[in-house]
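[1] Let me see the structure of the following:
(chains A and B)
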Amino acid sequence: MLLQLENVSKHYHLGDTVIRALDQVNFFVAAGEFVAIMGASGSGKSTFLQVASMLATPTHGKVLLNGKDVTTYNEVERARLRNKEIGFIFQQFNLLARTSALDNVSLPLIYAKVSDSERRKRSEEMLKKVGLGDRMNNTPAQLSGGQQQRVAVARALINDPLIVFADEPTGNLDTKSGDDIKELLTNLHKEGRTIIMVTHEEDVAKIAQRLVVFRDGKIVSDQSHGTKKQRSSRKNNKS
Amino acid sequence: MKDIFYIAIKAIMLNKVRSFLTMLGVIIGVSSVVLLTAIGNGLSAYVTSEFDALGANTLYIYPGELFGEGGTINAESSATSLTNSKLSLTDLRELKRLREHVKEVAPLMLQSGNASYQNDKISATIIGSTPNIETAINIPAERGQFFSDSDLEGSKRVIVLGYKIADELFGKIDPIGKKIKLGDTSFTVAGVVEQKGGSFGGPGFDTYIYMPYTTFSNVYDNDTIVRILVKTTDTEHGEEHKKAIEDLMLKRLKDDEFTVVDQSELLSSINQILGVLTAALGGIASISLVVGGIGIMNIMLVSVTERTKEIGLRKALGATPNMILLQFLIEAAVLSLIGGMIGVGLAYLGTLAIQSFVPAKVTMEAIALAFGVSTVVGLIFGAAPARRAAQLSPIEALRYE
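    All right, here's what the predicted structure looks like:
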C-alpha cells in the first residue's frame, strides 16, 4: 500500500467539548489510484486531507507512507516529506502574489535545495506540460483563475511526488476552467499519478475511479466506480 | 541559504516605501551616532594638533590647584585662584636661573577691553608678556614685528594685534605704525600676528592683543600673573624638568598655590572631557537606534501577520521552521543594514557640511561599529517576529484570511 491510515482519530478541544473530527478511520490507497473524497461540511473530509498529507498529526492511530510510520516524524522530517513526496493543489490556488509563474512553480525546489539552473529547467518543462509555456513570466494577477490553478498543478508536480492532494481544485473556477482542470487531473491519473481529491461537486468526483464518503468523522462509503450502487454518496452529498 | 537570502531581499523590494520608512529609524540612529562621534574625534584630533604646534617642551605654571582628585580639572578653584594669583616676577627671575632645565620663560597677564581705531571698535583680550612669547607659543608677526626687549624695559606703549583685530579695525589699511586706543590710552601698532583660527566661536589667538607686561602693569595697574609659560631645554627629560621647576616654586609658594602642568597632562584632561562628552552624545544618539530597532520589530510583526498565508504555503511545500525563521531574520537584518549604510553615508555628508565650522572626522572604527550595531539591532528586533513566523502551524496559516 502506498498510503495507509490505521485507526486514525483527530480530536479538537473547543472549550470543554471534544470534537472528534476523525473517529477511528481506516483507509488505504494503492499507487496509481484516483480517489475522490466527499462529505458535508464538518464531516471530517478536510481533517482527513490534512492528516493524510502530513500537514497535521493524528491524535491516535498511525499514518503509513510506503509502509513507514510517519506519525513519529518531527516537524522538520514532516516538512521534508511534504516537500519531496506530497503535492498540494488548493481551492484558492495559493500562489505567491507579484511572483512569476516560473518562480511559483520552482518554490518547492528551493526548499529541496535544487540548484538555480536545474530549478529553472524543471519549472519551464512543467509549465509547458500544463500548457503555460508562453506565460512563464506572468504574475498571478496577470493570469486567469484556470491558468493560476494550472500553475498550482505544475507546482504540485515539480518534485515528482508520490501522492497529489487536491482540496476543491475547481471550487473557485468557472465551468470552462473547471473542466480544463478536470481534464488535467484525468490525464495525470492516466500517467499513473496517485491523486486524492476533496470535492463537494458530484460531477467532479466522477472523474475519480474511487469515491470515499465521510460523515461525522467516519468513512460511511468507499466504492470504486461501476462496482456498486452509489447509495451512500447521494445521501451524503447535500453540502 | 542563498535562495532564502534572495527571498528576503525580494520581500523588501516588493514593499519599497514601507521598507524605506522602516529603515528611517535606523538611518537617523546610525547617522547621528556616527556624526556625533565624528565631531568628538575631530575635536580631539584638533586639540592634539594645536598642542603639538605649541611644542612638546612647553610647561605652564598655573596659580592655585588646577587639578582635583584623580586628575580632573578643578574649575572652581582655578577660577578663584586666577584673581588671587601668587605668581610673581620674582618667580620669573628665579626660573630663568635654572639654566639646566629652563630655556625660556614668559609671564602672561590678562585683561579684557575694547580696542578702537577711528570709529571702529572691537572687544579684545589683552595679554601682557615678554617678547619671547612670539616664539614660545608660535605666534610669529606676519606684518611689522613683535615688541622688543627695549620696549619692555622702557614700558613703551606698543602693541601687537591678533589677525582678526587687525582685519576688523583696519581692513585693507596697513596698521603698522598706526595708533589705536585701548580704553583711553593710545598705543602704536608694532606688528600683526599671522592668522591662527580656532577656539570655536570663543576668543582665540586672533582676538588677542599683546603688549610688554611692564606697559600692561602701568596702564592697568595690575601685575597679576595668571600663567607662566616655560620652555624646557629638551623634550626627553620632561619629568626631571617639571620636578626641578616644582622644587624651585615650592621655595616661595605653598603646594596649593601653584600647579605645574605639562602639555600631555592638559591634553589628556581635555581629551578625557571630550571622550566623556562624545560617549554621552553617542549614548543619547544610540537611543534613536533602539527606537529604529523597535520600528523594525513593529513592521516585521505586521509583515508576519500579513503574510500568514504565505508562511503557511511555504511550510506546506516543505519549508522547515528554521528556513522561515532565517527568511524573516535576514529580512530584518538586511533592512537594518541598508539603513545603516545610508546612515553612514548621510553622516559622512554631514561631516563634510559642518567641517568648516567644527573639525569632524569619520573614523573607520565608527563605520564598522555602526554597521555591526545596525545588523545586531536588526537581528535582535527581528528575532521575535521571525520566531512567531517559524512557529505558525501550516494549517492555521493556510486557513488565515
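[2] Secondary structure element holding B:G113?
    B:G113 belongs to strand B:102-117 when elements are defined using DSSP states H and E.
[3] List the buried residues of that strand.
    Across strand B:102-117, burial judged by 16 or more other CB atoms under 10 Å in any protein chain shown covers B:102-111, B:113, B:115, B:117. Backbone N, C-alpha and C define where each C-beta goes, glycine included.
[4] For A:Q24, grab the count of nearby residues.
    15 (other CB atoms under 10 Å in any protein chain shown).
[5] Need the three-state assignment for it.
    Following DSSP: H, G, I helix; E, B strand; the rest coil, A:Q24 is assigned to strand.
[6] For it, which residues are in contact?
    A:7-9, A:60-61, A:218 (CB atoms under 8 Å, 6 or more residues apart in numbering or on different chains).
[7] Break down the stretch 201-350 of chain B into its strands, ranges please.
    B:208-212, B:227-232, B:258-262 (DSSP state E, counting those that start in this stretch).
[8] that older thread, I'd like the buried residues of strand B:102-117 as JSON lines, with pLDDT appended.
    Putting those into JSON lines (pLDDT from 0 to 100) gives the following:
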{"residue": "B:V102", "pLDDT": "89"}
{"residue": "B:K103", "pLDDT": "87"}
{"residue": "B:E104", "pLDDT": "87"}
{"residue": "B:V105", "pLDDT": "90"}
{"residue": "B:A106", "pLDDT": "91"}
{"residue": "B:P107", "pLDDT": "92"}
{"residue": "B:L108", "pLDDT": "91"}
{"residue": "B:M109", "pLDDT": "92"}
{"residue": "B:L110", "pLDDT": "89"}
{"residue": "B:Q111", "pLDDT": "88"}
{"residue": "B:G113", "pLDDT": "88"}
{"residue": "B:A115", "pLDDT": "90"}
{"residue": "B:Y117", "pLDDT": "90"}
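[9] Any stretches of the chain with poor pLDDT?
    Unless you meant another one, I'm taking chain A. A:226-239 (pLDDT under 70).
[10] um, chain B though
    Using pLDDT under 70, the flagged stretches of chain B are B:53-56, B:67-83, B:197-203.
[11] how about 50 then?
    Applying pLDDT under 50 to chain B flags the ranges B:199-202.
[12] quick one, helices of it?
    Secondary structure of chain B (DSSP state H): helices located at B:2-14, B:16-54, B:75-83, B:89-97, B:133-136, B:149-153, B:163-170, B:213-220, B:238-250, B:263-306, B:308-316, B:321-354, B:364-390, B:394-399.
[13] Can you say which of these is nearest to A:G67?
    Between A:G67 and the helices of chain B, the tightest spacing by CB to CB is seen for helix B:308-316, at 23.9 Å.
[14] What helices and strands are in contact with the closest one?
    helix B:321-354, helix B:394-399 (3 or more CB pairs under 8 Å, 6 or more residues apart in numbering or on different chains; DSSP states H and E).
[15] Beta-bridge partners for the residue most central in space within chain A, please?
    Closest residue to the average C-alpha location of chain A: A:F165 at 1.3 Å, with CA atoms, centre = their mean. For A:F165, the beta-bridge partners under DSSP bridges are A:F88, A:I196.
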